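Colleague: okay, predicted coordinates and the sequence, questions at the end:
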Amino acid sequence: MTRYRQVLAVPGMASLLGVSLLARTAITASGMALTMYVVLGLDMSYAAAGGAAAAMTTGLALGGPLLGRMIDRRGVRIVLLITVVVQVACWLSVAVLPYTTLLAVAFVAGLLMVPAPMVTRQAIAAMTKAGQRQAAFALEAIQGELSYMVGPPIVILCAAQLPAGVVAWGVGAAIVAGGAGIALLNPPLRAEDEAPADPAGRPRRREWLGPRLIAVLVMAFGATIVLNGTDLAIVAALKEAGQVSWAAVVVAVYGAASIAGGLLYGALPRPLPAWLLLGLLGLVTIPAGLADDWRWLCVAGCGAGLLAAPALSALSDAVSRLAPASVRGEATGLQSSALGAGFALGVPIVGGAIDTSGPAGGFATAGLAGLAAALMGWLLSRRSPARTRVILYPVSR
């Protein structure tokens, strides 16, 4: 645990991770809060609730690069304050809006969501030394896993006791508090030896968005298809076995295994390639379709979960290394968009496979998506720098 003590001893790191965890947990819970409000507060169907959640998810996917570019140009504090004001307006209005207007507000709330994960990843790259980043990004991946384990269940429990509108306001208040807290901390996004942002000297996108960074984005997309698709396949398998009540236990085991895997990965003496971790994650996901009981699904979840946080950690580390400091915000925003796109498409892709060939087909589809993304990432990452320059800079330029 020496590596983790060194990371947490970095001035400002522990407080940043703590406040960011609050914001990320609330952001993760926001989709569930909208779902509960539409179903319980507006007394509409789950399909309508899915539309509201999809509107927010679409906004999140599109907003990542936009907010990242704004951070590169204007600095982190002003972007955080703008997004905090937007979140206040959106969440205060949720409980008084008709459904059609709510869809537009949900999209805006997603588009200008407090960029807590993005800022945290940038700050980790700036505040840590090269030898500390593996452990630091492992902590960031564990933080994300905790937010998924804690956020949505809290919303469900609260919605059973309180009016759905009050729950939505509470989630919005937590997002605002987290964003304001990060703004007060104002973490550095560039190391002392990195040049300050200069819009005039900003490199063109084709100068830094080369095959290797594209490989990372492809793998980020594939990773969340695997993770979100696996959650859906778990529910489908347990439903088929008549054991849906055990779904929370299986998902909790998967999450705990992911946290354990992240801690182990961060303590390794050297990082592993992201394509290798993602490929292994996809490979061990496929056999989970053979499980016909919640206990065996827990066993399968342990195997796959051990690789989930390490894969996400390696991807974040890769982005921090490949993106120049002056465009790190936009690159991290693209990573967030790739993760969000995979999260949004994981359900329909894997859901279609489940409808066609049952839960086993769902696990197989999720795993094969991870393998395909890992293979593409490996092929792209093998492109030599010389070949990359030829493609990025035509002779006519």
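Modeller: In hand now; what should we look at? Worth saying up front: this structure is predicted, and the values here are computed from it rather than measured.
Colleague: now do the same for residue 328: helix, strand or coil?
Modeller: Classification of residue 328 using DSSP: H, G, I helix; E, B strand; the rest coil returns helix.
Colleague: what helix or strand does the closest residue to it other than its chain neighbours sit in?
Modeller: Nearest residue to residue 328, sequence neighbours excluded (Cβ to Cβ, 6 or more residues apart in numbering): residue 122, at 5.4 Å. For the C-beta atoms, the positions are set from N, CA and C on the backbone; glycine is no exception. Residue 122 is part of helix 116-127, with elements assigned from DSSP states H and E.
Colleague: from residue 377, how far off is the residue nearest the centre of the chain?
Modeller: Closest residue to the average C-alpha location of the chain: residue 339 at 5.3 Å, with Cα atoms, centre = their mean. The gap separating residue 339 from residue 377 is 14 Å, by Cβ to Cβ, to the nearest Å.
Colleague: equivalent analysis for residue 326, please.
Modeller: For residue 326 relative to residue 377 (Cβ to Cβ), the value is 25 Å.
Colleague: more crowded one of the two?
Modeller: residue 377 (30 against 20; other Cβ atoms under 10 Å).
Colleague: right, and the more buried one touches residue 282 too?
Modeller: No - here residue 377 does not reach residue 282: they are 11.3 Å apart, not a contact under Cβ atoms under 8 Å.
Colleague: shared neighbours of the two, anything?
Modeller: residue 222 (Cβ atoms under 8 Å, 6 or more residues apart in numbering).
Colleague: for the closest residue to residue 164 other than its chain neighbours, what are its contacts?
Modeller: For residue 164, ignoring the flanking residues on the chain, the nearest one in space by Cβ to Cβ, 6+ apart is residue 41 at 3.7 Å. Residues near residue 41 by Cβ under 8 Å, 6+ apart: 95, 163, 164, 165, 168.
Colleague: switch to 7 Å and redo it
Modeller: Shown in contact with residue 41 (Cβ atoms under 7 Å, 6 or more residues apart in numbering): 95, 164, 165.
Colleague: can you check residue 170 too?
Modeller: Here residue 170 is in contact with residue 158 (criterion: Cβ under 7 Å, 6+ apart).
Colleague: what secondary structure does it sit in?
Modeller: Residue 170 is classified as helix under three-state DSSP.
Colleague: ok, it to residue 83 distance?
Modeller: For residue 170, the distance to residue 83 - Cβ to Cβ - is 18 Å.
Colleague: would you check how far apart residue 189 and residue 382 are?
Modeller: For residue 189, the distance to residue 382 - Cβ to Cβ - is 31 Å.
Colleague: between the two, who's got more neighbours?
Modeller: The residue with more neighbours, out of residue 189 and residue 382, is residue 189; 24 against 12, by other Cβ under 10 Å.
Colleague: which one of the contacts of residue 41 has the most neighbours?
Modeller: When neighbours are counted by other Cβ under 10 Å, residue 164 leads those with 23 neighbours.
Colleague: which pLDDT value does the model give that one?
Modeller: We have a pLDDT of 86 for residue 164.
Colleague: would you agree it is in contact with residue 42?
Modeller: No - between residue 164 and residue 42 there is no contact under Cβ atoms under 7 Å: 8.3 Å.
Colleague: next, the angle from the helix or strand containing residue 296 to helix 116-127.
Modeller: Assigned by DSSP H and E, residue 296 falls within helix 294-322. In terms of direction (axes from the mean of the first three to the mean of the last three Cα atoms, to 10 degrees), helix 294-322 departs from helix 116-127 by 50 degrees.
Colleague: what about residue 254, distance to residue 300?
Modeller: 9 Å.
Colleague: correction: the previous question concerned residue 134.
Modeller: In this view, residue 134 and residue 300 are 27 Å apart by Cβ to Cβ.
Colleague: ditto for residue 280
Modeller: 14 Å.
Colleague: more neighbours: which of the two?
Modeller: Under the criterion of other Cβ under 10 Å, the comparison of residue 280 against residue 300 puts residue 300 first, with 25 against 20.
Colleague: ok, the residue nearest to that one when sequence neighbours are not counted - contacts?
Modeller: Leaving out its chain neighbours, the residue that sits closest to residue 300 by Cβ to Cβ, 6+ apart is residue 288, at 3.7 Å. Residues near residue 288 by Cβ under 7 Å, 6+ apart: 297, 300, 304, 363.
Colleague: list just the nearest of those residues to residue 79.
Modeller: residue 304 (35.5 Å; Cβ to Cβ).
Colleague: what about the closest one, distance to residue 25?
Modeller: 23 Å.
Colleague: name the surrounding residues that touch stretch 338-353.
Modeller: 57, 60-61, 64, 217, 220-225, 228-229, 232-233, 361-362, 365-366, 369.
Colleague: pLDDT below threshold where in the chain?
Modeller: 193-201, 383-397 (pLDDT under 70).
Colleague: please repeat the previous calculation with a cut-off of 50.
Modeller: 384, 386-397 (pLDDT under 50).
Colleague: give me the domain ranges for it.
Modeller: 1-134+143-188, 205-383 (automatic domain parsing).
Colleague: okay, these, which one's buried deepest?
Modeller: domain 205-383 (a mean of 21; mean count of other Cβ atoms under 10 Å).
Colleague: quick one: residue 360 and residue 289 touch, right?
Modeller: Yes - Residue 360 lies in contact with residue 289 (Cβ under 7 Å); the separation is 3.2 Å.
Colleague: was I right to think residue 106 contacts residue 58?
Modeller: No - contact between residue 106 and residue 58 fails when scored by Cβ under 7 Å: they sit 9.0 Å apart.
Colleague: I am finished for the moment; much appreciated.
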